[in-house]
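S.K.: Okay, here's the prediction I keep looking at, along with the sequence it came from:
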Amino acid sequence: MVRLRPAIVPPAERASISDSWTAVADRELLKRFQRTRDEQAFAEIVDRHGGIVMAVCRRILRQEHDSEDAFQATFLVLAKRAGQIGWSESVAHWLYEVARRTALKLRGQRRVSANLGDAALSIDDPHSNEASDAELRELIDSELLSLPRRYVAPLVLCCVDDKSIAEAAADLGVSEGAVRARLWRGRELLRKRLSVRGIAFSLVGLAMGVRPSAASASPASVAAEAVAFVRDPSAVVSTTVHLAQGVLKAMYLEKLKWFTFAALGLILTLVGLVTAYAGLVKPLDAMPMACAEDGESIRLEGAVKSFDPDKKVIVVATEVDDVEQETSFALGNGAVVSFAGKKISPADIKPEMTARLKLTSNRETVLELDVSWPALKARIKTTDPDKRSITVLVESDDEQQATDTLSIGSEATIRLGGIDVPLQDLPVGREISFERALDKKSIVGVRGSFLPNCPRGTLKSLDRQKNIMLVGLAIGHDDEEENVEIAFELSKITTVCWLGKEANSSDLKPGMRIGFRLKDDRRTVDRIWASPPPPPEKDDDDKE
């Protein structure tokens, strides 16, 4: 079997290629390659993105010759798919994903052939001193590519390929504000995913900032092999070609599986529509998808579309199987109308409010109606406890960010992860949901996930003489969650907050929900936030 060895590209050759194609987007280069098999156009793409591709390959394989094979195979896959995908201005993020897929496939082949498992990777490893860093970067690659695609591209372009915000915006065809917003959201999602694995976000910047040296493969040699591969794959016999064909086959099967599921979903949808049209299922009977029966009454939640105060008729939009439907209901005589639990006049009902209705069993008349404004999601910029205000960054529908100052009502509840905290403890930089008052001028509720790097659980016991508290914690996530009890020490300067107000340790009682901040020793508690235990869930027999 013939193995193509890459040649060292002369600086003059690399410079001449780059100078003539600098202003041409990747998309145009691929079009030219697909139409005329222009080797120089493809060589420019290799020259531009070879560093990213080789970095990913080395993170996973580490054996230099394997990395070179995966590097060349990645670009062969690109050559074969050049005319099959609607490309954006830059192909960096696509190459990033395919390089990882290719390297993982080659690593699997090496493990099977050697039958040595992970040990095979440590034999004569030229990068053994950097193994831990490479494993960390590989883990980051995995979590990064599991993010929604709209966040992957900006992260790869700006954090891996070192492009500026303006360059990334031009490559993706969006505004600079959109790139900034997606970068911020992508980093937040990546930080949350990595924190579950115990990786501090500061390490992410380190791992993504260290870029290995570029591959030694000549862009011209890779381009020449790409042209030969596209024209007649059987005419080229090499390790890289075999690897590229395997990756292409896997991508095809994955696409086929997606189309199969989509077709199955379409068939089931058509069957459902035909059944409903035939009268076998009444349209109104679909409403239990968005409502719950409560004895002889029905509870329903949706968005207010309109309200006629003269006829006392409210139109509410609900979603059933991702399809919005509007239904009219009559406001019954004596119906109780409230806003966030407080009684208001029916005249205060406005479109766009969220409505929670209690209906008669015939689903025509409203017995109880509670409305509220949809939650406002924003990122905290600063807090001012003295003025009871918060300055936030709000992202609009077009992903532009604007600064706004919100007034926190005197009776507002600030609850993170089910635990009340004071205004001054709100985490700057976090995305929080704000519940607005009826007049929209103040905030009546703040909701969000609990404070970063602070455990949260149930207080089991408190030994005031030894200053030891036993806390029940849920360790892990999803199906692997495990409840354990861990002891923590209280110091003389431990502060306690009860229902969002300063208190002392004598107010703590077993059964309370608590969150707490630890000192650097990870044993001593610095601050505690406490709230009452959640109400017990009612059995079906206890429900009204």
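M.R.: Now that the structure is in, tell me what you want to look at. Numbers count the residues shown, from 1 in each chain.
S.K.: which stretches of the stretch 201-350 of the chain form strands?
M.R.: Assigned by DSSP state E, counting those that start in this stretch, the stretch 201-350 of the chain shows strands spanning 291-294, 297-308, 313-320, 323-339, 342-343.
S.K.: what's near enough to touch the closest residue to Gln401 other than its chain neighbours?
M.R.: Leaving aside its sequence neighbours, Gln401 sits nearest to Leu393 (C-beta to C-beta, 6 or more residues apart in numbering; 5.1 Å). Any C-beta I mention is one placed from the backbone N, CA and C, and that applies to glycine too. Residues in contact with Leu393 (C-beta atoms under 8 Å, 6 or more residues apart in numbering) are Ala378, Arg379, Lys381, Gln401, Ala402, Thr403.
S.K.: Partner strands of the helix or strand hosting Leu393 and their direction?
M.R.: Element membership for Leu393 (DSSP states H and E) is strand 389-395. When pairs are called by DSSP bridges, strand 389-395 turns out to pair with strand 376-384 (antiparallel), strand 401-416 (antiparallel).
S.K.: mind listing the helices for the stretch 201-350 of the chain?
M.R.: Taking DSSP state H, counting those that start in this stretch to define them, one finds helices in the stretch 201-350 of the chain at 201-209, 219-231, 239-277.
S.K.: so where is the stretch 101-250 of the chain shaky, pLDDT-wise?
M.R.: In the predicted model, the stretch 101-250 of the chain carries pLDDT under 70 at residues 111-138, 161, 196-220, 223, 230-239.
S.K.: mind redoing it with 50?
M.R.: Along the stretch 101-250 of the chain, segments meeting pLDDT under 50 span 116-131, 203-204, 206-207, 209-210, 212-213.
S.K.: Just confirm Trp373 contacts Phe434, I think it does.
M.R.: No. Between Trp373 and Phe434 there is no contact under C-beta atoms under 8 Å: 9.5 Å.
S.K.: Please identify which of these two sits among more neighbours.
M.R.: A count of neighbours by other C-beta atoms under 10 Å puts Phe434 above the other of Trp373 and Phe434, at 24 against 18.
S.K.: Count the neighbours of Cys158 for me.
M.R.: Residues within reach of Cys158, counting by other C-beta under 10 Å, total 21.
S.K.: Any idea which of the strands of the stretch 201-350 of the chain gets closest to Ala82?
M.R.: strand 323-339 (38.9 Å; C-beta to C-beta).
S.K.: Pull the CA coordinates from the closest one and hand them back as CSV.
M.R.: The C-alpha coordinates for strand 323-339 follow below in CSV (Å, rounded to 0.1, in the frame of the first residue of the first chain):
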residue,chain,number,x,y,z
VAL,A,323,-49.1,23.9,16.7
GLU,A,324,-50.6,27.1,18.1
GLN,A,325,-54.4,27.2,18.4
GLU,A,326,-56.6,30.1,19.7
THR,A,327,-59.7,29.4,21.9
SER,A,328,-62.4,31.8,23.2
PHE,A,329,-63.7,31.6,26.8
ALA,A,330,-66.4,33.5,28.6
LEU,A,331,-65.5,35.1,32.0
GLY,A,332,-68.0,33.7,34.4
ASN,A,333,-70.0,35.8,36.9
GLY,A,334,-68.0,36.0,40.0
ALA,A,335,-64.8,34.8,38.3
VAL,A,336,-61.7,35.7,40.3
VAL,A,337,-59.1,37.6,38.3
SER,A,338,-55.7,38.1,39.7
PHE,A,339,-52.2,39.2,38.7
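S.K.: Show me what it is packed up against.
M.R.: Contacts defined by 3 or more C-beta pairs under 8 Å, 6 or more residues apart in numbering; DSSP states H and E place strand 323-339 against strand 313-320, strand 365-372.
S.K.: Okay, and the beta partners of Ser461?
M.R.: Leu470.
S.K.: how near is it to Gly417?
M.R.: Per C-beta to C-beta, to the nearest Å, Ser461 is found 22 Å from Gly417.
S.K.: go on, Ile349?
M.R.: From Ile349 over to Gly417 the distance is 32 Å, taken as C-beta to C-beta.
S.K.: Give me the more crowded residue out of these two.
M.R.: Legend: neighbour count by other C-beta under 10 Å for Ile349 and Gly417, higher for Ile349 (20 against 16).
S.K.: The more buried one against Phe307, yeah?
M.R.: Yes. Here Ile349 reaches Phe307: they are 4.4 Å apart, a contact under C-beta under 8 Å.
S.K.: any residues in contact with both of these two?
M.R.: Common neighbours of Ile349 and Phe307 (C-beta under 8 Å, 6+ apart) are Ile314.
S.K.: which of the residues in the helix or strand hosting Ala103 are buried?
M.R.: Per DSSP H and E: Ala103 is located in helix 92-114. Buried residues in helix 92-114, counted by 16 or more other C-beta atoms under 10 Å: 92-107.
S.K.: With mean neighbour count and mean pLDDT added, can I get the strands of the stretch 201-350 of the chain in a markdown table?
M.R.: Below are the strands of the stretch 201-350 of the chain laid out as a markdown table (neighbours: other C-beta atoms under 10 Å; pLDDT from 0 to 100):
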| stretch | mean neighbour count | mean pLDDT |
| --- | --- | --- |
| strand 291-294 | 13 | 51 |
| strand 297-308 | 17 | 87 |
| strand 313-320 | 18 | 84 |
| strand 323-339 | 15 | 88 |
| strand 342-343 | 9 | 90 |
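S.K.: Out of those, which is closest to Trp529?
M.R.: Short answer: strand 342-343, nearest of the strands of the stretch 201-350 of the chain by C-beta to C-beta, at 26.2 Å.
S.K.: Partner strands of the closest one and their direction?
M.R.: strand 323-339 (antiparallel).
S.K.: which helices and strands does the strand or helix carrying Ala170 pack with?
M.R.: Assigned by DSSP H and E, Ala170 belongs to helix 165-172. Applying 3+ C-beta pairs under 8 Å, 6+ apart, we find helix 165-172 packed against helix 149-155, helix 176-196.
S.K.: got the contact list for the first one?
M.R.: Where contact means C-beta under 8 Å, 6+ apart, the residues beyond helix 149-155 that reach it are 88, 90, 92-93, 96-97, 144-145, 147, 168, 172, 179, 182-183, 185-187, 189-190.
S.K.: What residues of that helix count as buried?
M.R.: Buried positions in helix 149-155, judged by neighbour count with 16+ other C-beta under 10 Å: Tyr151, Val152, Ala153, Pro154, Leu155.
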